[in-house]
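*Asks:* my questions are about this predicted structure, shown below with the sequence.
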Amino acid sequence: MTKMIDIDPEESPRARFAYELRRHRLAARLTQKQLARRIGFSSSAVAMVETSKFRPSERFAQLCDQVFGLDGVLAGLYAEVWPPPPPVPAHFRDWAKEEQRATALRLWSPLLIPGILQTEAFARRIFEREPGLTGEQIEERLAGRMQRRSIFSRTDPPAVMCLIDEGVLHRPVGGPGVMREQLEYLVEMARRPRVTIQIVPYNAEALSGLMGAYAIAEMRGNAYTVRVEAQPKGRTITDRSAITEIIDRYDAVRADAYPQHLSCKIIEEVVAQKWT
């Protein structure tokens, strides 16, 4: 008799891998201990992967495929769940992976255009102004930031909902030419069916958002991780209570935002009046 698989694969990418591993193990009529012996891992490692408490190695997935007689099914899922990150600083790698596989992203940006919506010229100026970066490091970080935009080219791109403070439209990053190109790019991106850009006006207090930028990653409707920006490096959060609090803050800021059609009109007016 097949046991019930009690983990929800929709909860997160890691939960999906755990679900599939356990499903295939049960179908092969193997205990966790028997599977562990065949692949050369401990039974506790198998148990922790199946309960989504431990991230396996790619080799783990490949060996499980061999045991179950699968043609790269778990290895392929591993690559989907844990894709190689873009070339970004070490402290940002965890978030870069989540950004690549999330089905939805909710962003709040009170100071700058969010990284995945930046033009090359805008991003380059930010890196050029960062103390201590060499020319080579600037090029590496720029390549990583541009590669992050590949999520919009996927056959199933994530839904991206972005809140941007109105003051960001007036901050002179790189001069008029760079700002004009950047803001026109925002309007262009807002025309995509799965991208929503909303401007939070000057006169909105939005006090819950003044403590800094953050991004929320969702998998099939479930928010499972958050990136909080802070000096000097920021951090990625998976604590459920913290995520719930940040979602509440995001919703409070969004309540003060202009709708998208009006936001795009405001962006276009700023371009015409200030950056032309």
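*Replies:* Yep, it's here. Everything numeric in this text was worked out from a predicted model, so none of it was measured. Numbers count the residues shown, from 1 in each chain.

*Asks:* now the stretch 51-200 of the chain, which segments are flagged as low pLDDT?
*Replies:* 85 (pLDDT under 70).

*Asks:* quick one, what contacts the closest residue to Phe127 other than its chain neighbours?
*Replies:* Excluding the flanking residues, the one nearest Phe127 by C-beta to C-beta, 6 or more residues apart in numbering is Ile138, at 4.6 Å. Backbone N, C-alpha and C define where each C-beta goes, glycine included. If you count contacts by C-beta atoms under 8 Å, 6 or more residues apart in numbering, Ile138 has them with Arg124, Phe127, Glu128.

*Asks:* and these as JSON lines, adding distance to Lys265?
*Replies:* Formatted as JSON lines, the contacts of Ile138 follow (distance: C-beta to C-beta, whole Å):
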{"residue": "Arg124", "distance to Lys265": "28"}
{"residue": "Phe127", "distance to Lys265": "31"}
{"residue": "Glu128", "distance to Lys265": "31"}
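
*Asks:* just the strands in the stretch 151-276 of the chain please.
*Replies:* Secondary structure of the stretch 151-276 of the chain (DSSP state E, counting those that start in this stretch): strands at 159-165, 195-200, 214-219, 222-228, 235-237.

*Asks:* buried set for the first one?
*Replies:* Pointing back at strand 159-165 there. The neighbour-count check on strand 159-165 (16 or more other C-beta atoms under 10 Å) flags Val160, Met161, Cys162, Leu163, Ile164, Asp165 as buried.

*Asks:* which outside residues touch it?
*Replies:* 103-111, 113-114, 116-117, 152, 186, 194-200, 206, 209, 250, 253-254, 257.

*Asks:* which of those count as buried?
*Replies:* Among the contacts of strand 159-165, the ones that count as buried (16+ other C-beta under 10 Å) are 103-110, 113-114, 116-117, 186, 195-200, 206, 209, 250, 253-254, 257.

*Asks:* distance to Thr276 added to the strands of the stretch 151-276 of the chain, as JSON lines?
*Replies:* Listed next are the strands of the stretch 151-276 of the chain as JSON lines, based on distance: least, C-beta to C-beta, whole Å:
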{"stretch": "strand 159-165", "distance to Thr276": "20"}
{"stretch": "strand 195-200", "distance to Thr276": "19"}
{"stretch": "strand 214-219", "distance to Thr276": "31"}
{"stretch": "strand 222-228", "distance to Thr276": "34"}
{"stretch": "strand 235-237", "distance to Thr276": "39"}
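
*Asks:* all strands for the stretch 1-150 of the chain, in order.
*Replies:* With DSSP E, counting those that start in this stretch as the criterion, the stretch 1-150 of the chain has strands spanning 104-109.

*Asks:* now the helices: where do they sit in it?
*Replies:* With DSSP state H, counting those that start in this stretch as the criterion, the stretch 1-150 of the chain has helices at 13-27, 32-39, 43-50, 58-68, 73-81, 93-101, 120-128, 135-148.

*Asks:* to Glu269, which of the ones you listed lies closest?
*Replies:* Closest of the helices of the stretch 1-150 of the chain to Glu269 is helix 120-128, at 19.3 Å (criterion: C-beta to C-beta).

*Asks:* ok and that closest one relative to helix 135-148, angle-wise?
*Replies:* On the basis of axes from the mean of the first three to the mean of the last three C-alpha atoms, to 10 degrees, helix 120-128 is oriented at 140 degrees to helix 135-148.

*Asks:* quick one: list the elements packing against helix 120-128.
*Replies:* Using 3 or more C-beta pairs under 8 Å, 6 or more residues apart in numbering; DSSP states H and E, the elements in contact with helix 120-128 are helix 135-148, helix 176-190.

*Asks:* give me the contact list for it.
*Replies:* 112-113, 115, 118, 133, 137-138, 141-142, 145-146, 173-174, 177-179, 181-182.

*Asks:* among these, which ones are buried?
*Replies:* Counted by 16+ other C-beta under 10 Å, these give 112-113, 115, 118, 138, 141-142, 145-146, 173-174, 178-179, 181-182 as buried.

*Asks:* quick one on the thing from earlier: tell me which of the helices and strands packed on helix 120-128 sits nearest to Arg240.
*Replies:* helix 135-148 (25.9 Å).
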